[in-house]
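A.B. asks: Provide a 3D model corresponding to the input given below.
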Amino acid sequence: MTGADAIARALVDAGVRAAWSFPGSPLTHLEIDLDRGKAPQHEFSVSEHVGVTMALAGALLEGHRTAFLCKHVGINVALDGLATGAAHSLLRSGMVLIEGLDPLPKSSQNAQDNRAALASLSNLPLLEPGDPAECYALTRYAYRLSEAMRSPVVVRIAGRVLDDDGEVPLAPPDVPADEARFFLPGAPIVVTAATWATHLDQRIEAHERSFPSLSHLAAADLPKGARRGVIVAGQLGRVAASAARARGLASLRLGAAYPPPIPAILDFLGALQEVHILEESQAYLGPWIAFLAATAGPGTRATLHSQVITGGGAVDLVLDDIAMSAPTGERSRSDAPALDVAGALAELPAQALDDRPWADAFQAARGDMKRFPERDPRRQLLSTLRVEAARLGRPSIVVADPGNTGVLGIGEGLVDVKWHMGSAAPAAAALARADRIADNPGRPLAIAVIGDSNYYHSEILGVMENGIRGRDVLHVILVNRRSEMTGGIRLPQLGDDALTQQLTASGLEVSRVVLTDEAARTAAIIAAVSARGPRVLLVIDERKDIKASDG
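C.D. replies: Model prediction:
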């Protein structure tokens, strides 16, 4: 099967329940195939930001593995979610991001290399299959790694690997859970200034416990008599490593760009006199390996050369130049060694983190968190949403944006999830897929609480997609016509009637109420909670004395 077929089969065999995509080569054909298939359930998203947030939030549900697919330049749009929601959360199911690479490029405006950004901003493992068999095996491994680390994992695939044909050994499929459950781990699922350090400590701990498994994703080949060799990234694949073997050159092929297998790299450098680091489009491994070699001590003897390949067919030309410059080792036409994915799976812990440290850290920080001022009607608004949903027999999940209302609601216990800008609407939509909350029967009511400034900044596309898709989400948009978290600055906004028309045109039912009119507010909440489908409650805050924070 092709590499694209192998990815699709891996998602099915991994028991993935939901996948989201934004179309773009070289993944378009794979995305279309997923959209036509029965499993996993697939949807095209209005943007990469919305799609990746839904995949991240969907993986907060237990028994609900997810995937997100986009091309390399789409990472730019998804990066807000990856730098916050992906980097600072404890997922309960596996989530894998399939990144389509166009390294030369052929159908893209550039050959953007995202390895440095994903490694430094999000601390996400980056796997790089080099043939169809590895597309299948590494995608299956990625879900195990994601659940061990409780974080997303990125699988980076070049177009040539997606199109390549090869034998693909299959593994027994994972049986998906009967239902998807949401429950809080003794604390909200949030990122705040008071807790971000705890998230960082947890990610470091997960790295330390899980990353030794990735040391198996390095395949070294040292032909007899070889004194020179090449290090190739996974996207260059076994083809480049086998071509090096045919020329009598040693090779080290890395199936993981981050974290790189340091012991394997140092052993390889110590065994040779000259090593060429071959990459496409951008030098990421070259400078890093040079620094590693410089600090490793006298055991590393190889002279290093970093080369960036920018044209088709250039790999063979580069290898010919290296081989002709001096005698090489024994030549062989057989394939280079495969990555030891089975060994990586065997060494991977079942789970590297538990919930208790997070719950303890949150409770310790809660006392210093800001709360609503006394008798603030926003507290009553959030509380009434909870009470009325429960009265109607629907447990609720409240997702807030990072604005003032969401932040103040965390300390009050009125917000369950708060991530990055623009996450409330798509995260609520993904969490609405839960079959139950903990052991409470009944599909929950998902509520997205959004400030008007954040609506225009980054929530607008998620709200519109929920309307277009007909998703059962209640959006509560608070309109005070100022950026309350940042000095009360007034940003461009539509008038209330124009905003209502915009939302209605996107397929949402809209009702409006004044925040301080308690009787009307309660009646509007009851009606909104009782309804189904995509809907918006516009809450107009006409108070003039709101005290803005310093931002």
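
A.B. asks: Distance of G442 relative to K71?
C.D. replies: As judged by Cβ to Cβ, to the nearest Å, G442 and K71 stand 39 Å apart. Every C-beta, even on glycine, is put in place using the N, C-alpha and C of the backbone.

A.B. asks: whoops, I mixed them up, Q501
C.D. replies: Taken as Cβ to Cβ, the span from Q501 to K71 is 34 Å.

A.B. asks: So for the two, which residue has more residues nearby?
C.D. replies: Here Q501 and K71 are compared on neighbour count by other Cβ atoms under 10 Å; more neighbours surround K71, at 26 against 13.

A.B. asks: Quickly list what the more buried one is bridged to.
C.D. replies: Beta-bridge partners recorded for K71 (DSSP bridges): G100.

A.B. asks: I figured it was touching D102, is that so?
C.D. replies: Yes. Counting by Cβ atoms under 8 Å, K71 does reach D102; the two are 6.7 Å apart.

A.B. asks: Overlap in contacts, these two.
C.D. replies: Listed as contacting both K71 and D102 by Cβ atoms under 8 Å, 6 or more residues apart in numbering are 25-26, 108.

A.B. asks: Turn the residues you listed into TSV, columns for distance to R394.
C.D. replies: Shown next, in TSV, are the shared contacts of K71 and D102 (distance: Cβ to Cβ, whole Å):
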residue	distance to R394
S25	43
P26	43
S108	45
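
A.B. asks: F44 reaches A19, doesn't it?
C.D. replies: No. In this structure F44 lies outside contact range of A19 using Cβ under 8 Å: 10.1 Å.

A.B. asks: that older thread, top of the shared contacts of K71 and D102 by number of neighbours, please.
C.D. replies: Using other Cβ under 10 Å as the neighbour criterion, P26 leads those with 24 neighbours.

A.B. asks: quick one, what contacts that one?
C.D. replies: Neighbouring residues of P26 by Cβ under 8 Å, 6+ apart: 71, 100-102, 107, 157-159, 162-163.

A.B. asks: Now intersect the residues you listed with the helices, please.
C.D. replies: In this view, the contacts of P26 that belong to helices under DSSP state H are 159, 162-163.

A.B. asks: Which ChimeraX command selects the buried ones in the residues you listed?
C.D. replies: Remark: buried members of the ones in helices among the contacts of P26, expressed as a ChimeraX selection using 16 or more other Cβ atoms under 10 Å:
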select :159,162
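
A.B. asks: Where is pLDDT lowest across the ones in helices among the contacts of P26?
C.D. replies: Minimum pLDDT for the ones in helices among the contacts of P26 is recorded at G159 (91).

A.B. asks: Setting aside sequence neighbours, what's the nearest residue to that one?
C.D. replies: Leaving aside its sequence neighbours, G159 sits nearest to P26 (Cβ to Cβ, 6 or more residues apart in numbering; 3.3 Å).

A.B. asks: for Y456, same thing?
C.D. replies: In space, and not counting its chain neighbours, Y456 is closest to Q493: 6.2 Å by Cβ to Cβ, 6+ apart.

A.B. asks: so that neighbour sits right up against D452, yeah?
C.D. replies: Yes. Here Q493 reaches D452: they are 6.1 Å apart, a contact under Cβ under 8 Å.

A.B. asks: Mind listing the shared neighbours of those two?
C.D. replies: Joint contacts of Q493 and D452 (Cβ under 8 Å, 6+ apart) are 479, 481.

A.B. asks: Looking at those two, which is more packed in?
C.D. replies: Taking other Cβ under 10 Å, Q493 and D452 do not tie; D452 has more neighbours (25 against 15).

A.B. asks: Dihedrals phi and psi, that one?
C.D. replies: Note on D452: backbone dihedrals following degrees, to the nearest 10 are phi -60, psi -40.

A.B. asks: hang on, the earlier thing: go through the ones in helices among the contacts of P26 and say which is closest to L184.
C.D. replies: Using Cβ to Cβ, L162 is the member of the ones in helices among the contacts of P26 that sits closest to L184, with 39.0 Å.

A.B. asks: Can you spell out which helices and strands pack onto the helix or strand containing H475?
C.D. replies: Using DSSP states H and E, H475 maps to strand 473-479. Other helices and strands packing on strand 473-479, by 3 or more Cβ pairs under 8 Å, 6 or more residues apart in numbering; DSSP states H and E, are helix 377-391, helix 424-431, strand 445-451, helix 452-454, helix 460-469, helix 518-530, strand 535-540.

A.B. asks: Return it as CSV; C-alpha atoms alone will do.
C.D. replies: The C-alpha trace of strand 473-479 is given here as CSV (Å, rounded to 0.1, in the frame of the first residue of the first chain):
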residue,chain,number,x,y,z
VAL,A,473,-23.3,24.2,21.6
LEU,A,474,-24.6,27.1,23.6
HIS,A,475,-22.4,30.2,23.0
VAL,A,476,-22.6,32.9,25.6
ILE,A,477,-21.0,36.1,24.2
LEU,A,478,-20.6,38.9,26.7
VAL,A,479,-20.6,42.3,25.0
